[in-house]
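Participant: Here is a sequence together with a model predicted from it:
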Amino acid sequence: MAVAKTDTTLMRPLRYSDERHLEAHQFLVDESYILDSQRYDEWLTLLTDDIQYNLPVRVTTARGAGFDTAKGMSHFDEDKYSLSMRVARFATEHAWTEDPPSRLRHYITNVRTFNTDNESELFVQSAVLLFRSRGDNREPYLVSALREDILRLQDEGLKLARRLVLVDESVVRMQNLAIFL
Amino acid sequence: MSKGCTEVALLGLGPFMNDVSKMLADVRRGMIPAYVYNDSEVYELEKEHIFERSWVFLAHESEIPDPGDYVVRRVLEDSFIVSRDESGSVRVMFNMCLHRGMQICRAEVGNASHFRCPYHGWSYRNDGKLVGLPFHAEAYGGEDGFNKSGQTLLPAPSVETINGLIFVNLDPNAQPLREYMGDFAFYLDFYTKQSPQGVEVRGPQRWRVKANWKIGAENAAGDSYHTPQTHRSVVEIGLFREPTGSKRKEGALYWAGRGGGTTYKLPEGTFREKLRYVGYTEEMIDRMEDSWSEEHKRVVSEDGFMISAATLFPNFSFIHNWPKVDATASDDVVPFITMRVWQPISATETEVMSWFIVDKNAPEDFKEASYKGYLMCFGSTGMFEQDDVENWVSITSIAAGSMAKRLLLNSRMGLTSEDKPLNPPLANFHGPGTAYVGYGEFNQRALLSEWADFIEKPLEEVERLAMGEKKSKDASNKGSK
C-alpha cells in the first residue's frame, strides 16, 4: 500500500553531531555502495521482514490541488517477497536488461534524521541522484528523488523498515526501473 | 519531408519516394526493411498518414468520474483536455487558447469548473465554451470584431467511446470506431467487460524508452515466440508458470478487424474451472457468465484458450497474465490486466503509458493482489517488461545505419514460400476473425499491412477554422495538404 509523505515543516532534525544521525547517515552511504555494485542479496539483508518500499507515480497538478501522486498507482509498491523475487531474477542468467550490467552511481545527499514516537525507529530524509549508464554509446540516464525512510534498530543494527521514494519527474526518462533507489 | 510528398513518392519519383512503394511492397510480403524502426522520413509519414486518421486511445471514463474531472492527454504533439462537463458528458478539446494559442491547461489531472488562460485571461467552461473574454467590447468592438458567442475550444475532430474507453481520431470524417476496429471489439470484452459495469483503471505509469513505437505494438499483437527466451528469468524464479516454449506454442493467435492477439491453451476443464485456474474468484466468474456472450464463453471452455496480449492498430495494447503474487507455498495465482499506449515521440523514442485495469466489481483484496501482480510483471518496474524494453531499445539503436537499409527482416513465420499457412486456420474456433495455433507472425504481418495501407492512402484536405472571424461563405478555410 502506498506510503504518505511526511510533513516535516514543524519537525526539528537531530544535530549533525548526534550519534543517531551519524549512524543513519552511514547506513545510507553504505547502502548506496551496495546498490551501486548491485550486491542485491546483501541489500535484502538490510531490509526488515515487514519492509514497505514505495515509489509512487508523480503527476503534475495545479497548485492547491492537494495531491501530486497518481491515485493508487506506483512504480514500486513492494514487500519483502516481491523485492526478493526481483533480486532472485537478477541472479538468473537470463535477466537481459542488466546483462551487460548498468554502471550505477547513487549520490546521496541532504540527509536529515528525526526522532520518532518509537524509540527504536528513526525517520530519515535524503536526496538521491542516480546516474545509470548502459552500453557503450547510449545516453546515460539520470533520476533525482527525495527519499523518506524509517530505519529501525534491531539486534544486528539499523535496518530499513520503510522507504518512500518521490521521484522528481512525472515521466520517468529511463527505459525501465530495473534499479533500486 | 514536405507535405504532399507522399503522393509523389508513390509515383516512384525522388530518392526516398522510390523507397516508399518498395518499402510497402516488402512489408506486405512479410519482409520488413530493418530501417523502418529507425527512420525520420518514415516517422514523418506515420505522423500524418497514421496518427492523423486512426483511432487513438486517450483515457478511460473511470479516470474522470465526477463533473469537472479532467486529464490531459496527447496524440503525438497535440494535447487534449479530456473532461467531464457539468452535465456528465465527456468532452475532448484541443488544449490551445483560441486567442494567442497558449496551452490552456498545464496540469495533467485535476478538477475544474473552468479553464482560464494565464496569458490574457480568456476563460472556458469545462465543456469548452468560451465564457470570459476580457474587454470584448473595448478591444474588439464586441461580436463584430470577434465573434465570441457559441465559440468553444476546438473539439477533437472525432471522439467515440467503447466499454468506457475514450478514443479520438483527428480525422473529422473518420470511419466510426466500431467499424474501424471491426471484430476486435469481441476480444476487447475479455479485457474490459468482465462484468456489465466494466473496469476501473489506475495510472498511467509514464516512462520513455528509446525504441520505435511499432516494436511494442507488434510484440503485443502476436509475438508468442519471444516469451520462452525473453522471459525465461521469470519462469526460473517461479513468478509465472506458463511461458515455457512448449506451452506457448499451443496457444492460438487471432486477428479480427484491426486488432489481434495471443492466447494460452488452458488445461482441460469447464468454463469455470479454466477461469479458476488463472485465479479468478467464484463471484467474478459468475459475473463473466452474465457479461459475456456464448461465443466468448466457448472460446474459453470449448476452444480452451485464455487471452494474453493484444494490439488494436495502431498503438493500443493489452496484456493479461496470472502470476504468483505472494510467498505462500501454494501454486495460487492472481490474474491482472494492463492496457498501454505506445505513444511515439520520434522515430527512436516512445512514451509508454501503462494502466492497471480491473473489473470494477472485483473484491477489494482481489484488486490489491492483481495490482501487485501487475507491478511485479509489467510497467516501468515489471520483471517481464524490463527485458522486453532492453531488446526493443537495442533493435532501434542498431537499425540506424546503412547496413540496416540493406537488410529485410523475415517476418514470414507460419507461412510457406507459397504464402500458404504451415497449419490451416482453426476450423471450429468460436471467436471472430482468423486464428492459428502454433508459432507464427500472422498478427505482426496483419498489423504492418494496416500500417502500409494507411501510409499508402493519400492525404485529404482538412478544414481550417478562422477563429472569431465574421462568418462568410468564403471557401478560404480549406487547407491544403
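Facilitator: All right, it came through fine. Residues are numbered from 1 along each chain as shown, chains lettered A, B, ... in the order given.

Participant: so who does B:G68 touch?
Facilitator: By C-beta atoms under 8 Å, 6 or more residues apart in numbering or on different chains, the contact list for B:G68 reads B:S83, B:R84, B:E86, B:N111, B:A112, B:S113, B:N126. In short, each C-beta sits where N, CA and C put it, glycine included.

Participant: I figured the fourth one hits B:D66, correct?
Facilitator: In this case it means B:N111. Yes. In terms of C-beta atoms under 8 Å, B:N111 counts as a neighbour of B:D66; the distance is 6.9 Å.

Participant: And the two? Which one has more around it.
Facilitator: Set B:N111 next to B:D66 and count neighbours by other C-beta atoms under 10 Å in any protein chain shown: B:N111 wins out with 16 against 8.

Participant: That one pairs with what?
Facilitator: Beta bridges link B:N111 to B:D69, judged by DSSP bridges.

Participant: and B:G132, what are its phi and psi?
Facilitator: In terms of degrees, to the nearest 10, the main-chain angles of B:G132 are phi -130, psi 120.

Participant: should've said A:R103
Facilitator: Dihedral angles for A:R103 - degrees, to the nearest 10 - are phi -90, psi 120.

Participant: Quick check: closest non-adjacent residue to it.
Facilitator: A:S133 (4.4 Å; C-beta to C-beta, 6 or more residues apart in numbering or on different chains).

Participant: Other residues contacting stretch B:116-130?
Facilitator: Applying C-beta under 8 Å, 6+ apart, the external contacts of stretch B:116-130 come out as B:67-68, B:70, B:83-87, B:89, B:91, B:93, B:97-100, B:102, B:104, B:112-115, B:131-134, B:148, B:150-153, B:155.

Participant: check contacts around the residue nearest to A:R103.
Facilitator: Here A:S133 is in contact with A:S102, A:R103, A:P140, A:Y141 (criterion: C-beta under 8 Å, 6+ apart).

Participant: In those, find the pair that's most separated.
Facilitator: Spatial extent of those (C-beta to C-beta) is set by the pair A:R103 and A:Y141 at 10.8 Å.

Participant: Buried subset of the contacts of stretch B:116-130 as a ChimeraX selection?
Facilitator: To isolate the buried ones among those in ChimeraX, judged by 16 or more other C-beta atoms under 10 Å in any protein chain shown, type:
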select /B:67,70,83,84,85,91,93,97,98,99,104,112,115,133,148,151,152,153,155
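
Participant: among the contacts of stretch B:116-130, which are in strands?
Facilitator: B:Y70, B:S83, B:R84, B:R91, B:M93, B:H114, B:F115, B:V131, B:G132 (DSSP state E).

Participant: Widest-spaced pair of these?
Facilitator: B:R84 and B:G132 (20.7 Å).

Participant: and the residue of chain A most remote from its centre, what does it touch?
Facilitator: Taking C-alpha atoms, centre = their mean, the residue of chain A most remote from its mean C-alpha position is A:N137, at 27.6 Å. Residues in contact with A:N137 (C-beta under 8 Å, 6+ apart) are B:S397.

Participant: OK, contacts around B:Y43?
Facilitator: Contacts of B:Y43 (C-beta under 8 Å, 6+ apart): B:P344, B:S346, B:A347.

Participant: Quick check: pLDDT value at it.
Facilitator: Looking at B:Y43, its pLDDT stands at 97.

Participant: Can you show me the strands along chain A?
Facilitator: For chain A, the strands defined by DSSP E occupy A:47-58, A:69-78, A:103-115, A:121-133, A:141-154, A:157-167.

Participant: Remind me what the second one packs against, helices and strands.
Facilitator: In this structure, strand A:69-78 packs against strand A:47-58, strand A:157-167, strand B:199-209, helix B:364-377, with contacts taken as 3 or more C-beta pairs under 8 Å, 6 or more residues apart in numbering or on different chains; DSSP states H and E.

Participant: Can you lay out the contacts of A:S133 as TSV showing pLDDT and neighbour count?
Facilitator: TSV is the format used below for the contacts of A:S133 (pLDDT from 0 to 100; neighbours: other C-beta atoms under 10 Å in any protein chain shown):
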residue	pLDDT	neighbour count
A:S102	96	21
A:R103	97	12
A:P140	95	13
A:Y141	96	20
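
Participant: Show me the shaky parts of chain B.
Facilitator: Scanning chain B for pLDDT under 70 picks out the ranges B:1-18, B:243, B:245, B:329, B:471-481.
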